[in-house]
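1. okay, sequence plus prediction incoming.
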Amino acid sequence: MPFGTGRGNAAVSALLACAWSLAAAAADAPADLDRLMAELARNGAETVRFTEVRTSAALKQPIELRGTLSYVAPSHLEKHTVAPRDERLIVDRDTLVIERPATGERLTLRLTDYPAVRAFVESIRATLAGDLAALRRFYRVEIEGTAAQWRLYLLPREADMAEFVQQVEISGSGGRIARIEILEASGDRSVMTIAKGGA
Amino acid sequence: MSRRSLATAVWLLGLAVCGWVVAQARFTADMAAFLPALPTPLQRLLADQLRDGVAARLILIGIGGAPREELAAASRALAPRLAADPAFAYVANGDASLARADRELLFAYRYVLSPGVRSGSFDAAGLAAALARDYEALGSAAGPLVRRYLPSDPTGEFLRLLGTLEGQGRPATQMGVWMSRDGRYAIALAQTRAPGFDLDAQARNLAAIERAFAAARTESGAARATLAVTGPAVFAVQSRVAIQRDAERLSALAAALVAALLLAVYRSPRLVLLAFVPVGTGVLAGIAAVAGWFGTVHGITLGFGITLIGEAVDYAIYLLSHRSTHETPAASLDRIWPTLRLGMLISAASFCVMLFSGFPGLAQLGLLSVVGLVAALAVTRWLLPHYVARGDAPTGVGVVHRLVPEWRGYTGVRWAVFAAVFAASGAVISARQPIWDDDLGRLNPVSAADQALDQRLRSELGAPDVRLLAVVARPDEEAALQAAEQLGAPLGQLVDEKLISGFDSPAAYLPSRRTQTERLSALPDEARLRADLDEVVARSPFQPGLFTPFVRDVVAARAAPPLDRERLRGTGLGVKVDALLVHRGDAWYALLPLRGVTDPSAVAQRVAALKAQGVELLDLRVESERLLRTYRERALSVWAAGLALIVAVLVVHLRSAARALRVLAPIAAAVAATCACLLAGGAKLTLFHLVALLLVVGVGSNYALFFDRAAASAAERRRTAFSVLLCAATTTLAFGLLALSRTPVLGMIGTTVAIGAVASLVLSALIARPPIGGEREPVC
């Protein structure tokens, strides 16, 4: 049945075309916060390399840090800075541990006791976990861009956090975070770029 | 002027004077008045702190009953209202804006407060090292924090201070305010300006908190939020209210019931009214005596004292029940007067001992009771007969008569009964060891739920559970602070050896003048600092000119007046200093609480080595145990002295040891039986039981003395039996009601006396004598 087949082919191509344009439209569609969070929540466990550049009016030259960032859903986060100095920052549920092997320093905090620190931690952890409720406890959350290229703005709600941080801007595509920029109250800016692919 | 008018005039004059004195009296509810005067200065310090220290002035506020967002909003609306009220010296709820005053103070005085300020830390080498540390910290997780204070504090004194002061366990914060970890309560605390024992002021403060909360709830829209307040002052106010309410309500009810009973028996409202004249006069005279002598009247003295001289109702009953148609009331009174007087003397003797007990509260009770009883008896003796008509004892006498046995010839049985009562009571008492209640808290009329909430709020606030304190006394504030600073080294050694996890010191918040001067002299002058800094910054990764605020602050610190207590007032630091640096008598005490003690005996040994420097270790647990022991031993010796005095009065009056023994046997048996009943009922004995037992001895001795009286006739014997029964019935009724009180103190007294009155009646009846001559009159 050539006729029929032809019609069928046309129908399939029409359908394919339609699907294609729908997909394209999804990528171009304005980013939606709930959809983004659902996407992020699919993050399981991964380790990525990062570079962080801190630009400060106090410094003649910016400071550059390098290391790895590991995340295990939903609440374990580890920032291991390798250069210029070895420092490990481990967050697990309500505990924050900072280790500096060079000096043997080890500091343990309960996050509920230090809301400003917790807010700071949640800007990354809750984003990775796609936990909008947790984010909103500490920040006003705004989103811009498209699903393929989104930018999330986190504005601190509490005065004791706002004293240090003006805004956190996180950008990425799909369920992947590519860049975290922190604008401090002092005017300093630190930009963390996350490399594509595993460490 | 007739004798009646004279007696009435004297009585009215007395009432007027007493009424005037009572109207001037101040009333308190300070439980510490019921603690004995303490032997050692440390114990006195401890008791004073409990009564009037900073802790006694703290009010904990819990806001619950709503979602955490609403709780936080209500807390944020409440705190500024309280802070604006001059009645509160300090208010905190974890809100950054309230804590700002504290942080600003720390920041402004960082150069006198920080132990990091010493010679060498501000010269070129010291500054270079500081900047190297800063650069490293900027690239770490602490970067934003360090950056915030970098330009004005490159040597990091402020963050060092924050670290040491905040590392001591702090409350959890949610939504910007202190909140219990489970989010059920937002927590705030307020320190009152008025001392903890000023209950009128504290009651006003509580009302102010409630008003502020109502307004805050409306403002924040947290309609479901509920308020809970705890703390020593709150509890004291609540106790006073509870005691007053119970004492008033139950006394009124008891008086009404007793009046109804008397009305049923005497069938004359006039006689019932007269029966209350002696006790009423006694109460007024007793309170007036206490007010005149002590200046203030304790709430418990009032509640308890009125019940104590409830015995005075008995005086009128004895008189009214012993009337006869054949003689004037005065003549009837003359017959029973020796017995009545002896009964009063015995009660007065036991209460008299309390005057010398060393417990201010007990002394008040003793004075009130003694004066009250004497006044009541005097009114019964000299006023009442003028107003009572001749008459016979009321109907019903005959029935009662048959209830009182005549144990003629059954002496052996009688003693066997007493022996059995003693043996049984002894067995119960020895089986119920320990019989003493060592928990002062049980005297607390505050509900267990409120006490648990208080504990909970305290632990959520991170108040360390301190057991050991190093204490050092000096003649002035500066010397005490210097001594506290000198203790830093040996105590730091204990921390290094992990015997303790840390310690607190008043000098951490208010360094001695000497230390402040030393620290300021470690700061270079402006020219020197600028020169060194320029040189160091040029070689550093930092921008030139960044540290201008630092130079400005160092210059200002060098010129500033020293930090003193006045400057700390109204801040959290001030609260700390008030708690840890105490002025008492001629001495200033620095208190250094030791945290996380792993080995108390090793710590005790090490602190004992500092004895030469006047350092003492205060073990709160041991001291409070010792305090309770002292308290109980005193109470018991008071009690024993009271008993000895009673025996002496009896022997002297009755002029016969055998008769004294006969009267004492039922009394002693009744006391033993009462103790046994209380213990068997699951109670433990306290000071208040002991005092109530004195009252049992008082009423019981009246019963025994009346039964022991050789009645002139069978009719008289019937009158006696009836009057004793009526007295026992009124006492049991009144105290049985008091036993229902939710205020533990009143409940204890009520239960003890109600049981004791019944036991005394039954056991005293055993010694009832037959009428003289033994003639049998027909029962009318």
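-> Yep, that arrived.

2. name the SS class of the most centrally placed residue in chain A, please.
-> Nearest to the mean C-alpha position of chain A, counting by CA atoms, centre = their mean, stands residue A:177 at 4.5 Å. Look at residue A:177: counting by DSSP: H, G, I helix; E, B strand; the rest coil, its state is strand.

3. would you mind measuring from it to chain B?
-> 19 Å (CB to the nearest CB, to the nearest Å). (Each C-beta comes from the backbone N, C-alpha and C, glycine too.)

4. I'd say that residue and residue A:127 touch.
-> Yes - the criterion here is CB atoms under 8 Å, and residue A:177 meets it with residue A:127 at 6.7 Å.

5. overlap of the contact sets of the two?
-> Shared contacts of residue A:177 and residue A:127 (CB atoms under 8 Å, 6 or more residues apart in numbering or on different chains): A:40, A:170.

6. just to revisit the earlier point, from residue B:80, how far off is the residue nearest to the centre of chain A?
-> Residue A:177 sits 40 Å away from residue B:80, going by CB to CB, to the nearest Å.

7. can you check residue B:642 too?
-> Distance from residue B:642 to residue B:80, counting by CB to CB: 56 Å.

8. who has more neighbours, the two?
-> residue B:642 (25 against 16; other CB atoms under 10 Å in any protein chain shown).

9. how about stretch B:473-490, which residues are buried there?
-> B:473, B:474, B:477, B:479, B:480, B:481, B:482, B:483, B:484, B:485, B:486, B:487 (16 or more other CB atoms under 10 Å in any protein chain shown).

10. just checking, the fifth one is part of a helix?
-> Right, residue B:480. Yes - judged by three-state DSSP, residue B:480 forms part of a helix.

11. that one and residue B:589 touch, don't they?
-> Yes - in this structure residue B:480 lies within contact range of residue B:589 using CB under 8 Å: 6.7 Å.

12. find residues that contact each of the two.
-> With contacts defined as CB under 8 Å, 6+ apart, the residues shared by residue B:480 and residue B:589 are B:472, B:473, B:581.

13. just the ones of these in helices?
-> Within the shared contacts of residue B:480 and residue B:589, no residue falls in helices by DSSP state H.

14. give me every residue in chain A lying close to chain B.
-> Residues of chain A lying near chain B by CB under 8 Å from any CB of the partner chain: A:54, A:56-61, A:63, A:65, A:79, A:81, A:84-85, A:87, A:89, A:98, A:100, A:110, A:112-113, A:115, A:120, A:137, A:158-160, A:163-165, A:182, A:184-186, A:188, A:190.

15. list the neighbouring strands of the biggest strand by length in chain B plus their orientation.
-> As assigned by DSSP state E, the longest strand anywhere in chain B is strand B:587-595. Strand B:587-595 has the following strand partners under DSSP bridges: strand B:468-474 (antiparallel), strand B:502-503 (antiparallel), strand B:581-584 (antiparallel).

16. buried stuff in it?
-> Buried, per 16+ other CB under 10 Å, within strand B:587-595: B:587, B:588, B:589, B:590, B:591, B:592, B:593, B:594, B:595.

17. what of stretch A:184-191?
-> By neighbour count on 16+ other CB under 10 Å, the buried set for stretch A:184-191 is A:184, A:185, A:186, A:188, A:189, A:190, A:191.

18. can you put the buried residues of stretch B:473-490 in JSON lines and add pLDDT?
-> What follows is the buried residues of stretch B:473-490, written out as JSON lines (pLDDT from 0 to 100):
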{"residue": "B:473", "pLDDT": "90"}
{"residue": "B:474", "pLDDT": "92"}
{"residue": "B:477", "pLDDT": "93"}
{"residue": "B:479", "pLDDT": "95"}
{"residue": "B:480", "pLDDT": "94"}
{"residue": "B:481", "pLDDT": "95"}
{"residue": "B:482", "pLDDT": "95"}
{"residue": "B:483", "pLDDT": "94"}
{"residue": "B:484", "pLDDT": "93"}
{"residue": "B:485", "pLDDT": "93"}
{"residue": "B:486", "pLDDT": "93"}
{"residue": "B:487", "pLDDT": "92"}
